[in-house]
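> Generate coordinates for the sequence data below:
(one chain, ligands or ions: 1)
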Amino acid sequence: MCGIVGCFAESGCYEKLMAALVNLEYRGYDSAGVALAGEKGIAVRKKKGAVRNLFGQPLAGTAGIGHTRWATHGKPSDENAHPHTAGKFALVHNGIIENYAALRAELSARGETFSSETDSEVIVKLIAALYSGDFFAAVAAACARLKGSYAVAVLCADHPREIVCAAYKSPLVAGAGKGAVYVCSDVPALFGAVSYVCPAEDGEFLHVCGSEIVFRRADGTPVPKVFCRTEEEGGARRQGGGSYMEAEIAQIPQGISRTLACLRGCDFAPAARVLRAAGRVFTAACGTAHHAALAFGHLLSQEARIPVLCEAASEFRYGDPLIGAGDVLVAVSQSGETADTLEAVRLAKQRGAFVIAVCNAPLSTLSRLADLLLQTCAGAEVAVAATKSYNCQLLCLYYLAAQAVFFKTTRFPAWFFALEGAARACGQALESAAAAERLARRLQGARAMYFIGRGADRFTAAEGALKVREIAYVFAESCPAGELKHGTLALVEEGFPVFAVATARALLQKTVNSLAEARARGARPVLFTQYGAEAAGCGAELFPPLPSLPEPLMPLVSVIPLQWFACHFCLLRGFDPDRPRNLAKSVTVE
Ligand code: F6R
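Predicted coordinates for the structure are as follows:
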């Protein structure tokens with residue numbers, strides 16, 4: 001949700017800034033802008049739409065800032081694009097300033113005028129109003145007046161070789177590379193440009209002075225920091241003119257292999273001990289990560305007989321959950337920066353719970369907050385719609401569940417050993433791409449669809465429906481198969497697609513019955529199962545058989561044809577799967 005970047009480089013600062021901004025675009029693509037501080041003051045270029053709209057004559061200067069926007073306050077427009085300026089200052093911001101209306105009124109009463117509808121513009125106006133020659137002090141004093149969340153990077157015309165940044169509940173990392181130093185919302189945007197990175201903690205400031213980066217407290221005192229080495233691992237490359245989403249789905253087997261290798265080296269004893277002894281286990285996550293958490297909750301309660309309460313993080317944080325000392329919260333997040341998930345974690349920690357994070361970004365806020373980190377090694381995920389990270393989250397969570405079973409019973413469940421074959425099975429599931437495309441072609445005109453399943457399959461169904469809504473803009477709803485007849489069935493009419501996932505043999509016939517009820521009302525049912533032979537003649541279209549894994553592990557592979565389907569459905573409908581409208585990756589605002 002909005003990406004900010006700052007760069008100091010003696011040469012090629014503009015080009016370096018633009019390259020980072022292009023990499024950062026998945027965080028928002030409503031508008032983009034850059035500013036560079038040069039001999040003649042600060043030059044700004046900003047435009048509605050994609051970063052490519054900024055391409056043109058390089059702006060001069062050795063220090064610059066850039067922004068890619070996901071609109072919160074004010075529509076996407078040139079005026080609302082960042083950087084915002086006031087007097088000698090230019091600023092980019094990610095976050096939400098909750099007291100911006102009061103600050104705006106105060107500044108307006110002093111004669112300030114505003115040229116945007118954003119909350120961000122008040123910050124730069126405030127900095128300009130508080131400035132009396134000390135750049136850092138003005139930014140620190142302005143930040144002291146802000147309520148909400150922010151990562152900001154600020155330029156001052158009087159100090160053209162400096163950038164002052166601040167972070168509070170919005171991510172910001174410093175990076176050092178050959179010939180340039182950076183500040184940025186995200187590490188992956190700097191892959192290739194930096195070798196060392198260091199994240200800022202809440203309330204810290206980053207002061208770029210030439211090629212030096214100093215972390216400071218608000219009073220200016222330096223904070224000692226250790227930078228750690230970073231290198232890109234597992235990022236997807238688009239094939240030809242293809243999308244990141246296609247490339248990332250195709251990478252699932254590699255992500256699974258890397259994650260498994262990482263899990264094998266993990267000491268599970270602390271996690272498994274707390275899980276076994278836990279009074280209660282909670283999960284908190286959002287969107288796709290929540291679907292992975294739901295599948296985990298189902299498996300853990302089935303296999304380890306431990307009760308698990310799975311909550312959307314946005315509900316957990318405001319729901320006064322019963323969590324306390326002796327309980328465990330499992331927080332799942334690809335980015336590790338999702339605001340609702342982080343707040344759920346902070347609440348759980350305040351109340352004394354043990355926090356296990358399943359996260360794809362080891363330097364993220366979530367990874368740093370957790371008592372124990374299980375890293376998904378999916379590699380950087382660029383497409384806004386999560387795919388490979390979901391499969392890797394499931395793998396991590398299943399591994400964790402198996403460890404909990406082991407610590408409870410001194411035996412691993414039989415399916416645990418089949419995790420070794422998960423990457424191969426995912427590879428086989430990838431072969432469903434062509435069938436998924438044909439299905440998408442046949443259903444191209446569909447205006448709504450349902451996804452159903454029982455047991456763990458209902459979470460796969462929910463994930464399939466989310467993908468279709470998110471990138472193909474078709475109304476897609478999921479429900480437990482048995483719930484269909486309790487209301488949802490009313491919307492089924494002639495030709496209405498109903499996708500069923502059925503990977504548990506014991507429940508296959510029940511799900512087939514639900515499809516028959518839908519078919520009797522004109523639905524066009526499609527069944528995804530590894531037990532095709534047993535369902536032959538059931539009246540539903542049988543999707544090519546899913547590869548076979550032990551049933552508890554089937555969600556790892558059964559989601560893949562649905563991911564392919566959504567991707568092809570989106571492409572056939574003429575949309576870009578990487579940049580769904582209204583959305584962005586890494587939801588750092590509430
Ligand atoms: C859907 C999607 C989102 C994210 C959600 C949580 O395709 O990508 O639903 O899963 O915003 O994001 P993370 O996992 O970064 O916390």
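> The residue lying closest to residue 254 once chain neighbours are set aside: what's it in contact with?
Nearest residue to residue 254, sequence neighbours excluded (Cβ to Cβ, 6 or more residues apart in numbering): residue 234, at 6.5 Å. All C-beta spots, glycine's among them, are computed from the backbone N, C-alpha and C. With contacts defined as Cβ atoms under 8 Å, 6 or more residues apart in numbering, residue 234 is in contact with 251, 254, 255, 258, 377, 378, 379, 380.
> Then residue 345?
With Cβ under 8 Å, 6+ apart, residue 345 has these contacts: 284, 329, 331, 355, 357, 366, 369, 370.
> Go through those residues and single out the one with the most neighbours.
Neighbour counts for the contacts of residue 345, by other Cβ atoms under 10 Å, peak at residue 284, which reaches 33 neighbours.
> about what we covered before: which members of the contacts of residue 345 occur in strands, if any?
Of those, the ones assigned to strands by DSSP state E are 284, 329, 331, 355, 357.
> Reformat those residues as CSV; add pLDDT.
Below are the ones in strands among the contacts of residue 345 laid out as CSV (pLDDT from 0 to 100):
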residue, pLDDT
284, 98
329, 97
331, 98
355, 96
357, 97
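> which one of those residues is nearest residue 582?
Of all those, residue 284 has the smallest distance to residue 582: 23.8 Å, by Cβ to Cβ.
> okay but that closest one is in contact with residue 314, surely?
No: using Cβ atoms under 8 Å, residue 284 makes no contact with residue 314, being 9.1 Å away.
> any residues in contact with both of these two?
The contact lists of residue 284 and residue 314 share residue 340, where a contact means Cβ under 8 Å, 6+ apart.
> Enumerate every residue touching whatever residue of the stretch 1-150 of the chain ends up closest to the ligand.
Here the stretch 1-150 of the chain gets closest to the ligand at one residue, residue 1, 9.5 Å apart by Cβ to the nearest ligand atom. By Cβ under 8 Å, 6+ apart, the residues touching residue 1 are 27, 28, 70, 72, 94, 584, 586, 587, 588, 589.
> what about the last one, which SS state?
Under the three-state scheme (DSSP: H, G, I helix; E, B strand; the rest coil), the conformation of residue 589 reads as coil.
> Kindly provide the distance from it to residue 199.
In this view, residue 589 and residue 199 are 18 Å apart by Cβ to Cβ, to the nearest Å.
> same check, this time on residue 153
Taking Cβ to Cβ, one finds residue 153 at 15 Å from residue 199.
> Can you pick out the residue with more neighbours from the two?
Between residue 153 and residue 199, counting by other Cβ under 10 Å, residue 153 is the more crowded of the two (34 against 21).
> now the more buried one, which residues is it bridged with?
On DSSP bridges, the residues paired with residue 153 through beta bridges are residue 92, residue 165.
> so it makes contact with residue 170?
No: between residue 153 and residue 170 no contact is recorded; they are 11.3 Å apart, counting by Cβ under 8 Å.
> In this protein, which helix is the longest?
helix 388-409 (DSSP state H).
> Give me every residue in contact with the helix or strand that comes right after that one, excluding its own residues.
Using DSSP states H and E, the helix or strand that directly follows helix 388-409 along the chain is helix 414-417. Residues from elsewhere that reach helix 414-417 (Cβ under 8 Å, 6+ apart): 398, 399, 402, 405, 406, 549, 550, 551, 552, 553.
> Give me the pLDDT value at the residue of the chain found nearest the ligand.
Distances between the chain and the ligand by Cβ to the nearest ligand atom are smallest at residue 287, namely 1.8 Å. For residue 287, the pLDDT comes out at 98.
> Contacts only, for the nearest residue to it once chain neighbours are set aside.
What sits nearest to residue 287 in space, not counting adjacent residues and going by Cβ to Cβ, 6+ apart, is residue 466, at 6.7 Å. By Cβ under 8 Å, 6+ apart, residue 466 lies in contact with 287, 288, 291, 476, 478.
> And the pLDDT for residue 223?
According to the model, residue 223 carries a pLDDT of 98.
> Tell me how many other residues surround it.
13.
> Kindly report the same for residue 463.
29.
> helix, strand or coil for it?
Residue 463 - assigned by three-state DSSP - is helix.
> so it touches residue 291, yeah?
Yes: using Cβ under 8 Å, residue 463 is in contact with residue 291, at 4.4 Å.
> Overlap of the contact sets of the two?
Common neighbours of residue 463 and residue 291 (Cβ under 8 Å, 6+ apart) are residue 390.
> Run through the residues that contact residue 371.
270, 354, 355, 356.
> if we can go back for a sec, list buried residues within the contacts of residue 234.
With burial judged by 16 or more other Cβ atoms under 10 Å, the buried subset of the contacts of residue 234 is 251, 254, 255, 258, 377, 378, 379, 380.
> As CSV, these with secondary structure and distance to the ligand would be great.
As requested, those are arranged in CSV below (DSSP: H, G, I helix; E, B strand; the rest coil; distance: Cβ to the nearest ligand atom, whole Å):
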residue, secondary structure, distance to the ligand
251, coil, 16
254, helix, 19
255, helix, 14
258, helix, 18
377, coil, 15
378, coil, 11
379, coil, 14
380, coil, 12
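> and of the residues you listed, the nearest to residue 117?
For those, the closest approach to residue 117 (Cβ to Cβ) belongs to residue 380, at 32.8 Å.
> quick one: pLDDT of that closest one?
Reading off the model, residue 380 has pLDDT 93.
> Which residue ranges make up each domain of this protein?
What automatic domain parsing lists as the domains of the chain is 3-229, 241-412, 428-580.
> Of the ones you listed, which stretch is the most buried?
Mean neighbour counts were taken over the domains of the chain using mean count of other Cβ atoms under 10 Å, and the top value, a mean of 22, falls to domain 241-412.
> can you give me how far it is from the chain middle?
13 Å (Cα atoms, centre = their mean, to the nearest Å).
> ends of it, how far apart?
45 Å (Cα to Cα, to the nearest Å).
> now swap in stretch 62-77 and tell me
27 Å.
> what about that stretch and the ligand, touching?
No: for stretch 62-77, no contact with the ligand is found by Cβ under 6 Å from any ligand atom; the gap never falls below 11.9 Å.
> can you give me how far that stretch is from the chain middle?
Taking mean C-alpha positions (Cα atoms, centre = their mean), stretch 62-77 and its chain are 19 Å apart.
> tell me the angle the helix or strand of the chain with the lowest mean pLDDT makes with helix 388-409.
Least confident helix or strand, the chain: helix 269-277 with a mean of 80, by mean pLDDT, DSSP states H and E. Helix 269-277 runs at 70 degrees relative to helix 388-409, counting by axes from the mean of the first three to the mean of the last three Cα atoms, to 10 degrees.
> TSV please, covering the contacts of residue 371 and showing distance to the ligand.
TSV is the format used below for those (distance: Cβ to the nearest ligand atom, whole Å):
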residue	distance to the ligand
270	23
354	20
355	14
356	15
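> to the chain's geometric centre, what's the distance from stretch 159-179?
22 Å.
> just the CA coordinates of that stretch, formatted as CSV?
Extracted C-alpha coordinates of stretch 159-179, given in CSV (Å, rounded to 0.1, in the frame of the first residue of the first chain):
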residue,chain,number,x,y,z
HIS,A,159,20.4,20.3,2.2
PRO,A,160,20.5,18.8,-1.3
ARG,A,161,22.7,15.8,-0.2
GLU,A,162,20.4,14.7,2.6
ILE,A,163,17.2,12.8,3.0
VAL,A,164,15.4,12.6,6.3
CYS,A,165,13.0,9.7,6.9
ALA,A,166,10.8,8.6,9.7
ALA,A,167,8.9,5.3,10.4
TYR,A,168,6.0,4.6,12.7
LYS,A,169,3.8,1.5,12.1
SER,A,170,4.8,1.6,8.4
PRO,A,171,7.7,-0.3,7.1
LEU,A,172,11.0,1.3,6.1
VAL,A,173,14.4,-0.3,5.4
ALA,A,174,17.8,1.2,4.7
GLY,A,175,19.9,-0.4,2.0
ALA,A,176,23.5,0.0,1.0
GLY,A,177,24.8,-0.9,-2.4
LYS,A,178,27.6,-0.1,-4.8
GLY,A,179,27.6,3.6,-5.4
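> Get me the contact residues on the chain for the ligand.
286-289, 333-335, 338, 341, 385-386, 466, 470, 586-587.
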